[in-house]
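# Sequence first, predicted model second:
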Amino acid sequence: MSASNTDQAAGVDVQQLVNDNDAGGRNPGPVVGKLILGVAIAWSLFQLWIASPLPFAFGVFVLNDTESRSIHLAFSVFLAYLAYPAFKRSPRRHVPVTDWVFALVAAFCAAYLFLFYRELSQRPGQPTQMDVYVAVAGMVLLLEATRRVLGLPMVVVAVVFLVYTFGGRYMPDMIAHRGASLNRAVSHYWLTTEGVFGIALGVSSSFIFLFVLFGSLLDKAGAGNYFIKSAFALLGHMRGGPAKAAVVSSAATGVISGSSIANVVTTGTFTIPLMKRVGYRPDQAGAVEVSSSVNGQIMPPVMGAAAFLMVEYVGIPYTEVIKHAFLPAVISYIALFYIVHLEALKSNLTGLPRRSQAGAMQRLTSFVMTVAGFVVLAGVVYYGIGWMKGVLGDSVMWAVGPLLIAAYVGLLWFGARQPELALDDPNAPVFELPETGPTLKSGLHYLLSVVVLIWCLMVEQMSPGLSAFWATVFMIFVLLTQRPIIAAFRGHGGYAAAVKQGFLELVDGLATGARNMIGIGVATASAGIIVGTVSLTGIGLVMTELVELVSGGNLMVMLFLVALISLILGMGLPTTANYIVVSTLMAPVIVELGAQSGLIVPLIAVHLFVFYFGLMADVTPPVGLASFAAAAIARTDPLKTGVTAFFYSMRTAVLPFLFIFNTQLLMIGINSPWHFAVTVASAIVAMLVFAAGTQGYFLVRSRWYETVALLLVTFTLFRPGFWWDMVYPPYDEVPGVKLMEFADTAPKNAQKRIWIEGETLEGDQVRKGVLLPLGEPGTARERLARAGVRVLPQGDELQILTVQFGSQAAKLGIDQGWRITSMEVPAERPAKEWVFLPALALLGLVVLLQRRRLKPSPEGTAASPTPA
């Protein structure tokens, strides 16, 4: 480790780093500070208003999607110029005049679509000189705001695409196009919903803001602190306990956070010093925190705000996105937990001392009783309210509301009987863990807000935006009431001070939520430039041809190339912009080339594939800011921390290749509770074995042939079909006309593997497979029409008459005039899970080999490993 890099990391103000990246590094005087605070609060209140039913109930300030996106971006760019200095040496104690001018002009350009919506709607595609001037100024100022907030990488990507748009005719033949005039381009980018004000900004305005605000209010109420302390209380005493607590607390805070770096600092301030204390190297301590924090971006329900973008880009409900993303995220965290356990075993590390010396049986009993209480309470809530909903119908909320308030007050009373949460200074000479029971019991009321969110999403089936609105309203109620109620239960008095503190925390939460959205707002707007370029120039087809040429048609080479390009494109980009860029450019490549190679998978698998590899850029040196922040806390070399974090994150890089070939890992094709249990259990075991294989340590240090055996077991458990398909073909082909018969009787949301043939615009004959979704039950023609196609039987084939623009069929690459030549139906064969038996036998053999090398402890029990 170089001394200069370590000194550089040690000299970084971590909180300032977070402030610079997530909320703006400027701290002007009281007058301007209050203005920024007021604008941020106004932005939050505006987003709450448009998400609520109130505009429609009162008929006041009802906005369409374009108008709300316009105001959303105006708030974002205005705050960007006031909160973020232009350069490192720019003043931070006041706002220069130039920044005031930029802020006002940028806000006007962004709000132009709202201010002149009626006039613009009357002359679509015919911009005036004023329109062009506003669009050009708006684009330039948006890119400058993006540079300030997100750095150069996002701006460079956007500028490259703009250069391609205007200079298409001067490009090499393979990527050339006829180019676009200034009027046409800026009109496309700024005055329509195909560019800056497109789907990405719409999702930011409709969904993402509310979830970020909800997370901010939850954190200000004390939930983040509660999650961290609960993780320490539960796990801190184990081998390498602080590292395990870091994994769990980062998973918990990642659920409500959309920022890797904020997650690193929130939990890392406590976990990294304690990991070093029990024996982890500084780079290991930082890498564990980086890996677990970045993993928070793949954890539902927020997924770094990308989950809501997937809803629009993939065309499936939000609840389906959560279902598909859940298992990979969980097994990735389980693997990281096991990795830090193996590191602790290799170095013979210990845990931290408890404050209470209760016996193991007493602690186990207390933990089991607590978990059992949670399970019983969840069952009562779910089935009780479910029964009430069946009886009362839509009026159930009038009954559930008082019950929710009663549960809230009851949990506050229960929590008030516990000691106040207090965690010692992690850098103090002696650090003792808090007691498990009192810590867990003290903040149970925070979970009610998550219950409200999940109930609205899953049971009431409200939209994500409306669900987040009601959850946020409940959090506002919690912030205003929890402190005075707790003060009353504890008999401390000081009710006025408690009410005032709750109000200040609410104001701070509203402002912090808005400031955390500045980066997401400008990121989704700037990413709209890339999306607009794809629709304007057709560069998506160029990327497909380029990858096909380099890969030579080899499926695995193609996937590796897409992964590498996604990793490069994601460097330096925040999660939302990252996903927009890689999904726009690389997802169609997998869909098109994969279909031609027989890789027929649902769109969600493709989008999760590119999303995971785009996120790996957050870890990969030299760009990862999360690694830099963790290294600053650990006082070590950022590059070394990033490299170590990359090796810890290999499990995340392997997962996409596995679920792209075995979509059962995404909970697709699960047809029974037993099948579900086998899939989950095999995935967890496979990931643990993979961690052991890559770490070179299982029960003891592994020998090379044991590592090979462990990786073979991993592959077999993750993708049993690879071996089984060699013996038993998975599908039989039947004539394409049979699709009509199948669609008539197929269950809800069934998907059918079909092969289509046709001629491209370039005159090439293509045959490829697609997975056609059939949606809700109905007649065959109705279901195909909902998927976006109309067909005509011709012998054994179906002629495709029309394909609806923007439909699922269009996204899958089905073209008008092509033919559905055949359909695949599952073949009759034994379950592929039978191949698990030899894999588990091989795993058992490795266990036997390694157990022989375990040294017996003095008491006669196997404990200490011998070196390999």
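Yes, it's here.

# Can I take it that G38 is in a helix?
Yes: G38 sits within a helix when classified using DSSP: H, G, I helix; E, B strand; the rest coil.

# going forward can the numbers begin at 41, since that is how I track them
Okay, residue one is now 41; in that scheme the one you just asked about reads as G78.

# residues near it, how many?
A count of nearby residues for G78, using other C-beta atoms under 10 Å, gives 11. (Glycine included, C-beta is placed from N, CA and C.)

# For L85, see how far away it is.
10 Å (C-beta to C-beta, to the nearest Å).

# Can you verify my assumption that R859 contacts L841?
No: applying C-beta atoms under 8 Å, one finds R859 not in contact with L841, separated by 10.9 Å.

# more neighbours, the two?
R859 (19 against 11).

# what are the bridge partners for that one, then?
With DSSP bridges as the criterion, R859 is bridged to E797, Q839.

# give the contact list for it.
G776, I796, E797, G798, Q834, E837, L838, Q839, I840 (C-beta atoms under 8 Å, 6 or more residues apart in numbering).

# repeat for P131
P131 touches P125, counting by C-beta under 8 Å, 6+ apart.

# Double-check that it belongs to a helix.
No: counting by three-state DSSP, P131 falls outside a helix, being coil.

# any idea how far it lies from V71?
P131 is 15 Å from V71, by C-beta to C-beta.

# what about A446, which SS state?
Going by three-state DSSP: A446 is helix.

# How many residues are close by it?
A446, neighbours per other C-beta under 10 Å, totals 10.

# Output the strand or helix carrying S116 as CSV - backbone C-alpha positions only.
For S116, the host element (DSSP states H and E) is helix 105-123. Extracted C-alpha coordinates of helix 105-123, given in CSV (Å, rounded to 0.1, in the frame of the first residue of the first chain):
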residue,chain,number,x,y,z
ASP,A,105,-47.3,13.8,-17.1
THR,A,106,-45.4,16.3,-19.3
GLU,A,107,-46.2,19.3,-17.2
SER,A,108,-45.2,17.5,-13.9
ARG,A,109,-42.0,16.4,-15.5
SER,A,110,-41.2,19.9,-16.6
ILE,A,111,-41.7,21.3,-13.1
HIS,A,112,-39.8,18.4,-11.6
LEU,A,113,-36.7,19.2,-13.7
ALA,A,114,-37.1,22.9,-13.0
PHE,A,115,-36.8,22.3,-9.3
SER,A,116,-33.9,19.9,-9.9
VAL,A,117,-31.7,22.2,-12.0
PHE,A,118,-32.5,25.3,-9.9
LEU,A,119,-31.3,23.6,-6.7
ALA,A,120,-28.3,22.0,-8.6
TYR,A,121,-26.9,25.5,-9.4
LEU,A,122,-27.5,26.8,-5.9
ALA,A,123,-26.3,23.8,-4.0
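
# Relative to the whole chain's centre, how far out is whichever helix or strand comes after that helix?
Counting by DSSP H and E, the element after helix 105-123 in chain order, helix or strand, is helix 137-155. A distance of 31 Å separates the centroid of the chain from that of helix 137-155, by C-alpha atoms, centre = their mean, to the nearest Å.

# Alpha carbons only: can I get helix 137-155 in CSV?
The C-alpha coordinates for helix 137-155 follow below in CSV (Å, rounded to 0.1, in the frame of the first residue of the first chain):
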residue,chain,number,x,y,z
VAL,A,137,-24.0,35.9,-9.5
THR,A,138,-23.3,33.6,-12.4
ASP,A,139,-24.8,30.7,-10.6
TRP,A,140,-28.0,32.7,-9.8
VAL,A,141,-28.3,33.5,-13.5
PHE,A,142,-27.7,29.9,-14.5
ALA,A,143,-30.2,28.6,-11.9
LEU,A,144,-33.0,31.0,-13.1
VAL,A,145,-32.4,30.5,-16.8
ALA,A,146,-32.1,26.7,-16.4
ALA,A,147,-35.3,26.6,-14.4
PHE,A,148,-37.1,28.7,-17.0
CYS,A,149,-35.9,26.4,-19.8
ALA,A,150,-37.0,23.3,-17.9
ALA,A,151,-40.4,24.8,-17.0
TYR,A,152,-40.9,25.9,-20.6
LEU,A,153,-43.0,22.9,-21.5
PHE,A,154,-45.3,23.7,-18.5
LEU,A,155,-45.5,27.4,-19.1
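
# tell me what that helix is packed against?
helix 105-123, helix 169-190 (3 or more C-beta pairs under 8 Å, 6 or more residues apart in numbering; DSSP states H and E).

# Any chance of TSV for those, columns distance to L155, mean pLDDT and mean neighbour count?
What follows is those, written out as TSV (distance: least, C-beta to C-beta, whole Å; pLDDT from 0 to 100; neighbours: other C-beta atoms under 10 Å):
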stretch	distance to L155	mean pLDDT	mean neighbour count
helix 105-123	8	94	24
helix 169-190	10	93	20
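
# element containing I640?
I640 belongs to no helix or strand, assigned by DSSP H and E.

# And for it, nearest residue in space, chain neighbours not counted?
Nearest residue to I640, sequence neighbours excluded (C-beta to C-beta, 6 or more residues apart in numbering): G809, at 4.2 Å.

# All good on my end, thank you.
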